[in-house]
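K.L.:
Sequence plus the predicted model coming up.
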Protein chains: 2
Amino acid sequence: MSKVSPQNSTPGVNGISVIHTQAHASGLQQVPQLVPAGPGGGGKAVPPSKQSKKSSPVDRDSDEYRQRRQRNNMAVKKSRLKSKQKAQDTLQRVSQLKEENERLEAKIKLLTKELSVLKDLFLEHAHNLADNVQPSSTESTANPDKAGQ
Amino acid sequence: MSKVSPQNSTPGVNGISVIHTQAHASGLQQVPQLVPAGPGGGGKAVPPSKQSKKSSPVDRDSDEYRQRRQRNNMAVKKSRLKSKQKAQDTLQRVSQLKEENERLEAKIKLLTKELSVLKDLFLEHAHNLADNVQPSSTESTANPDKAGQ
DNA sequence: AAAGATTGCGCAATGG
DNA sequence: ACCATTGCGCAATCTT
């Protein structure tokens, strides 16, 4: 998982783990030394407005810094959770749509078949008429009544 | 959204451009020089066979270490790309399915209507028969011919 | 057992 | 100023 900390990680399987409250155990992360271009450096891209500040390489000890970091970490965690959720929902949506698709196709199949039957009946009838057959036995018996759905 | 690479960042805010020399200057991240929970610490999970090893704090300078890190970074990158791809595909799949669904529903609507027409014709015909009407004028005019699709 | 693939996490830049 | 996103590297695991 994470937590460079040697003892608080949850070596279990893949589950969520660790209840890292605050106080990041032993420090982990230190910057190499990306210091700002010294004030007197090539001096150029620095707007002549503020530079009086201790051009701190970001005080990693600053209380405010730690606080911000912590907040951001929370935000990140939250955001990622949300993202994951959404992805899962999308996946679910897919299977849902697939299901409905099948349902619709089945319905189409049914309707098509019904239509086919009715059309056949019509053809037969037309044929009888063409042959000038009197509407008696033949025709009256050709209607099993199909409906519903 | 963001696309700024970590290295050679170009802060728009301060104008302080930190040019991180070097290739794998992963930049930030360095530890406090003590990594491994000494085997003797909580002492416990150490198989009674090996421990004579230099309890290496994982030489972060080791050539092999850097190499491994680099490989892993590549793998991570690749994996994430793949993951993103997949997510996108899934999203696409959704719209694809939605489209097809609409298509199917339209078809169902059409078929249903056709079926309805035919059934009505049948009913009318049946009615005529019941009234004992001879197949002459009334009946022959009731067929606008509906078919196709 | 070595190498690549995944995954959780923290950092920092950036968007809103 | 604050939270939300996102690219990135680290390390622990998992998979091969």
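P.N.:
Okay, I see it.
K.L.:
The longest helix along chain A near chain B at all?
P.N.:
Using DSSP state H to define each element, chain A has its longest helix at helix A:63-130. Yes - legend: contact between helix A:63-130 and chain B by CB under 8 Å from any CB of the partner chain is shown at A:87, A:90-91, A:93-94, A:97-98, A:100-101, A:104-105, A:107-108, A:111-112, A:114-115, A:118-119, A:121-122, A:125, A:129. For every residue, glycine as well, the C-beta is placed using N, CA and C.
K.L.:
Can you give the contact residues for stretch A:95-105?
P.N.:
B:94, B:97-98, B:100-101, B:104-105, B:108 (CB atoms under 8 Å, 6 or more residues apart in numbering or on different chains).
K.L.:
Just the closest of those to DNA strand C, please.
P.N.:
Among the contacts of stretch A:95-105, B:Val94 lies closest to DNA strand C (CB to the nearest atom of the strand), at 20.3 Å.
K.L.:
Please give me every residue in contact with the closest one.
P.N.:
Contacts of B:Val94 by CB under 8 Å, 6+ apart are A:90, A:93-94, A:97.
K.L.:
three-state assignment of A:Asp61?
P.N.:
Secondary structure, DSSP: H, G, I helix; E, B strand; the rest coil: A:Asp61 is coil.
K.L.:
re the thing from before, and which of the contacts of stretch A:95-105 is nearest A:Ser79?
P.N.:
Within these, the smallest distance to A:Ser79 is 22.0 Å, found for B:Val94 (CB to CB).
K.L.:
Quick check: that closest one vs B:Glu100, distance?
P.N.:
According to CB to CB, to the nearest Å, B:Val94 and B:Glu100 sit 11 Å apart.
K.L.:
Same check on A:Val76?
P.N.:
Counting by CB to CB, the gap from A:Val76 to B:Glu100 is 38 Å.
K.L.:
One more: A:Arg80?
P.N.:
32 Å.
K.L.:
And A:Asn128, by the same measure?
P.N.:
In this view, A:Asn128 and B:Glu100 are 41 Å apart by CB to CB.
K.L.:
Next: A:Asn72.
P.N.:
Distance of A:Asn72 to B:Glu100, given as CB to CB: 43 Å.
K.L.:
again, but for A:Leu123
P.N.:
Here A:Leu123 is placed at a distance of 32 Å from B:Glu100 (CB to CB).
K.L.:
So between the two, which is more surrounded?
P.N.:
B:Glu100 (16 against 10; other CB atoms under 10 Å in any protein chain shown).
K.L.:
Need the pLDDT of that one.
P.N.:
With respect to pLDDT, B:Glu100 scores 98.
K.L.:
repeat for A:Glu124
P.N.:
84.
K.L.:
And for it, the neighbour number?
P.N.:
Residues near A:Glu124, counting by other CB under 10 Å, number 13.
K.L.:
Give me the mean pLDDT for stretch A:59-66.
P.N.:
The model assigns stretch A:59-66 a mean pLDDT of 94.
K.L.:
Could you work out the end-to-end span of that stretch for me?
P.N.:
Across stretch A:59-66, the terminal residues are separated by 9 Å (CA to CA, to the nearest Å).
K.L.:
So is that stretch next to DNA strand D?
P.N.:
No - contact of stretch A:59-66 with DNA strand D (CB under 7 Å from any atom of the strand) is absent, the minimum separation being 8.0 Å.
K.L.:
Kindly report the same for stretch A:69-78.
P.N.:
Yes - Stretch A:69-78 is in contact with DNA strand D by CB under 7 Å from any atom of the strand, via A:71-72, A:74-76, A:78.
K.L.:
Equivalent analysis for stretch A:82-97, please.
P.N.:
Yes - Stretch A:82-97 lies within reach of DNA strand D by CB under 7 Å from any atom of the strand, at A:82-83.
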